[in-house]
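Novice: Give the three-dimensional model of this entry:
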Amino acid sequence: MGDRKTVGFLVSGIMDEFTKYMCEGIVDVIDEDNDKVNLVVVPVKYIDRDFTGLPDKYEFQYKENSQNILKENMDAVIVAADCIGCLTTRENLIEYISTLPDIPIILIASKIDGYPGVTFDNTTGIIEGLTYLMEELKPHNVCMLTGNEENSDVDDRLYVFKEMMEKYGVELKEESIIQTPLTIECEPEATKLLDLNPDMEAVFCVNDSVALGLYKVMKRRGLEPGRDLYIMGFDNSVTGAMVTPSLSTVDANAVDLGRHVFEMTKKILGGEKLGQETIPTRFILRDSFGGVNSFSDDYEHILDKNYLDVYFDKVFYRYKDIEERDNSALRELFKKVLENVIDYATAGVYDPAKVRLIKNQTDDLFKAGAIRFTDADEITSYIDQLYNRIFHTLKGDDSKERGYSLMESLKKRMIKSLSNYNIENEAELDRILYSMKTLVKDTLNFSYGNDRSYSNIVKSLKSFGIMNAYVYIYDKPIVHLENERFIMPDHVRIKTAMTNGKIIDIPYSKQRISTKHLFDNRYITNESFKMVLMPLYFEDTIYGSVLYDLTEITYKNGEFLINQFATTARIIQILKDNNEIQKQLEENLAIMAENNIALDKLSRNDVLTGILNRRGFYDEAESILAERRENGMSVIVSYVDMNNLKVINDRFGHDDGDFSLRTISEILTRIIGSEGAVGRIGGDEYAFIYYGELSEEGLNVEIRTHFEEFNLYSDKPYNISVSCGYYKIMPGDTISFEDAMDNADQDLYIAKHYKDNRVLKDVMGIN
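Specialist: I've put the predicted structure just below:
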């Protein structure tokens, strides 16, 4: 692996919000410390999941993704064990982890004896939240939506819940606690809890996803969190902060979790022996507990400048994740605004210059992106409490009115900033949707199965900010059924590579690499990278995998992107199968032709154009090449592709398309004559072998001239043209004819970039 370490991160789904934040924490540490580390995120979904009723019944294929992790290609692996094992037993989870290679294994958000790792403090934040619930809101019937008790986090949270209910004398019945799958898809369980407990007043949910599932069920029943039921979650997800009513939760910062686990991983790779560690949590009060202004004690020192750092950390709690590497100096901007607000309030004198300064500084604060690091509840609560303290400080109605006016102005600026932020997000969403439409079009925009089809779709990833991508395809697709053992091939073919935004076209003869070198082969970027390895499957067939950059679009739409690759792989395979059927047909015709000369001609010639077909051309070309080599002479091979056949077919009909194909055959045959052979090798693709006096450039000029002359005198409303790729086999060259054709195909790929796109003639008023 050289000086650069490669660390794997085994997660459930790449689009899970919890996964995203853990990844961001790991990436933060890598970037801050400028570590020479490759990070490969490997989604495996959920062990032993019941796929009944799920949109993707073949999601089990993800599980085999972990087989790409080998001792030879990874130095350590971080495992989100309780995430991938949330639907299975402890025994099965431990067995699954035991199948990983003999490299350091570090757990995140889970505890298993014998493995080092980091988890949340599942006590402090829950106790804070439940204490507030019981002492301020005083419910008598409290229930819990929990998960599989073999999950260590679930077990801890359930234990704390029971302890707190016992402390406050709340009786828990069997129906008071219902297990869920730990995802937003817990609606059946949430429904059951509501049905069995019609008089319950509060629910503690084991995580935010479960709480949001409960929200959906309540909405259908006309119930509102914070009014009809008090709801508390755990995780402090962005979705929980933005939902209406906003979700009271425990701030268990997954970014911090990721940062901590990677610091542990570095120490373990350095030879240190570590055990289980925890990171702190805290309760966040929001609207699902009936409002956020009850925590007035938190703001006791709100007009004390010495406490501004404390309030900054409370309000902009997400900022600490990136503060060390962020250049916006958000903290200092906040302190300047509040210092001037406090000065203005305590002075008790109207100062219009000071007011203008405060408003301008507030604009600067929000322009610097402050709104991204908080949520509306936190900052609104802070402004309200700030005004309450200022109101009681100011003397006289005029002063109070001016204070009110100032705080309203600050709140309006906050609302405007939120609005602009939403507009920016909507614009970004529109751009992503457009890029996705283009990606879908590129996925389907090919007619024949070859490696260039992968290049086209990889190239389109640049519009999503993805600059590195590598497509690995098995020599043969593997049919894999649920619960069937999967054997990872020792070798794969890297069909296309994009490194730092540049597409690398890889000849077939150089594509085969060992699975041990998925992450360090000669085509991969030399820079440290953070990528995700996604399985490439279509229903029960696995085609390979795709490795590409870990970006924001990966977290939001990673599964959509990989589905496009899977569709491409599927179509390519279908086209290859059709080609194979065609070859078998030609071979069968050849067998029949042994006893029938007429059938022999049919088996070697293309029915539409009358020239040689693939089999006939390859036989003839091999014979010509052998003869030229024996006499020490060179030969030129060419791969030819018609331009714009689809346009002609769509605009003028398939009869004109057939006419175009016959015309190309006639012109190429006329040029090559008796100094070689011409064949139609499939669809709109042709090839020729030539041993006359013309060079490659001379042939190109001759071909272009003939087509221009034909188009000039043709009565057709469209132009017919071709693109050509060449390869010259010199005397003494040992290259096979097939490899020479591959090289000509690569040259054709370049030529296609400069093809003549003038399909319609000027007489129609269109170029």
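Novice: Tell me where the stretch 501-650 of the chain has helices.
Specialist: Counting by DSSP state H, counting those that start in this stretch, the stretch 501-650 of the chain has these helices, from start to end: 552-593, 597-604, 614-630, 645-652.
Novice: oh sorry, the question was meant for the stretch 101-250 of the chain
Specialist: Residue ranges of the helices in the stretch 101-250 of the chain, as given by DSSP H, counting those that start in this stretch, are 124-132, 152-167, 187-196, 208-220, 238-242.
Novice: Turn those helices into a markdown table, including mean neighbour count, mean pLDDT and distance to residue 645.
Specialist: Quick note: C-beta positions are derived from backbone N, CA and C, even for glycine. Supplementary listing: those in a markdown table, determined by neighbours: other C-beta atoms under 10 Å; pLDDT from 0 to 100; distance: least, C-beta to C-beta, whole Å:
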| stretch | mean neighbour count | mean pLDDT | distance to residue 645 |
| --- | --- | --- | --- |
| helix 124-132 | 20 | 94 | 64 |
| helix 152-167 | 18 | 93 | 59 |
| helix 187-196 | 17 | 96 | 51 |
| helix 208-220 | 22 | 95 | 50 |
| helix 238-242 | 17 | 81 | 48 |
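Novice: Please tabulate the ones you listed in a markdown table, including the columns distance to residue 390.
Specialist: Conversion of the helices of the stretch 101-250 of the chain to a markdown table gives the following (distance: least, C-beta to C-beta, whole Å):
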| stretch | distance to residue 390 |
| --- | --- |
| helix 124-132 | 26 |
| helix 152-167 | 37 |
| helix 187-196 | 43 |
| helix 208-220 | 34 |
| helix 238-242 | 26 |
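Novice: So which of those is nearest residue 640?
Specialist: If you check each of those against residue 640 by C-beta to C-beta, helix 238-242 wins as the nearest, at 54.2 Å.
Novice: List the contacts of that closest one.
Specialist: Contacts to helix 238-242, defined as C-beta atoms under 8 Å, 6 or more residues apart in numbering, come from residues 17, 208, 211, 212, 233, 246, 247, 249, 286, 375, 376, 377.
Novice: max-length strand in this protein?
Specialist: Among the elements of the chain assigned as strand by DSSP state E, the one spanning the most residues is strand 469-479.
Novice: That one pairs with which strands, parallel or anti?
Specialist: Pairing partners of strand 469-479, with direction, according to DSSP bridges: strand 491-499 (antiparallel), strand 541-549 (antiparallel).
Novice: Nearest to residue 55 among those would be which one?
Specialist: When these are ranked by distance to residue 55, counting by C-beta to C-beta, first place goes to strand 541-549 at 18.0 Å.
Novice: just the angle between the closest one and helix 552-593, please?
Specialist: 140 degrees (axes from the mean of the first three to the mean of the last three C-alpha atoms, to 10 degrees).
Novice: For the remainder of this discussion, apply numbering that starts at 13.
Specialist: With the count now opening at 13, the last piece we talked about shows up as strand 553-561.
Novice: Let me know the closest of the contacts of helix 250-254 to residue 205.
Specialist: Taking C-beta to C-beta as the measure, residue 223 is the one of the contacts of helix 250-254 closest to residue 205, at 11.9 Å.
Novice: ok, now which ones touch the closest one?
Specialist: Residue 223 makes contacts with 157, 215, 217, 243, 244, 245, 252, 259, 261, 300, as judged by C-beta under 8 Å, 6+ apart.
Novice: What of residue 159?
Specialist: When the contact criterion is C-beta under 8 Å, 6+ apart, the partners of residue 159 are 98, 166, 191, 192, 193, 194, 218, 219, 222.
Novice: any chance of those in JSON lines, with distance to residue 25 too?
Specialist: Converted to JSON lines, these look like this (distance: C-beta to C-beta, whole Å):
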{"residue": "98", "distance to residue 25": "11"}
{"residue": "166", "distance to residue 25": "18"}
{"residue": "191", "distance to residue 25": "21"}
{"residue": "192", "distance to residue 25": "17"}
{"residue": "193", "distance to residue 25": "13"}
{"residue": "194", "distance to residue 25": "12"}
{"residue": "218", "distance to residue 25": "18"}
{"residue": "219", "distance to residue 25": "15"}
{"residue": "222", "distance to residue 25": "16"}
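Novice: Would you check which pair of those residues lies furthest apart?
Specialist: When C-beta to C-beta is used, the two most widely separated members of these are 191 and 219, lying 12.9 Å apart.
Novice: Counting neighbours, go ahead and name the busier of those two.
Specialist: Between residue 191 and residue 219, counted using other C-beta atoms under 10 Å, residue 219 has the larger neighbour count: 29 against 17.
Novice: just checking, that one touches residue 248?
Specialist: No. In this structure, residue 219 is not within contact of residue 248 by C-beta atoms under 8 Å, at 10.1 Å.
Novice: gap between the spatially closest residue to residue 242 that is not a sequence neighbour and residue 150?
Specialist: Here the nearest residue to residue 242 in space, its sequence neighbours aside, is residue 214; by C-beta to C-beta, 6 or more residues apart in numbering that works out to 3.9 Å. Distance check for residue 214 against residue 150: by C-beta to C-beta, to the nearest Å, it reads 10 Å.
Novice: So between the two, which is more surrounded?
Specialist: Taking other C-beta under 10 Å, residue 214 and residue 150 do not tie; residue 214 has more neighbours (22 against 10).
Novice: I'd say that one and residue 238 touch.
Specialist: No. The criterion here is C-beta under 8 Å, and residue 214 misses it with residue 238 at 10.5 Å.
Novice: Just list whatever residues bridge to the residue nearest to residue 242.
Specialist: When bridges are taken as DSSP bridges, the partners of residue 214 come out as residue 154, residue 242.
Novice: Tell me the confidence at it?
Specialist: With respect to pLDDT, residue 214 has a value of 97.
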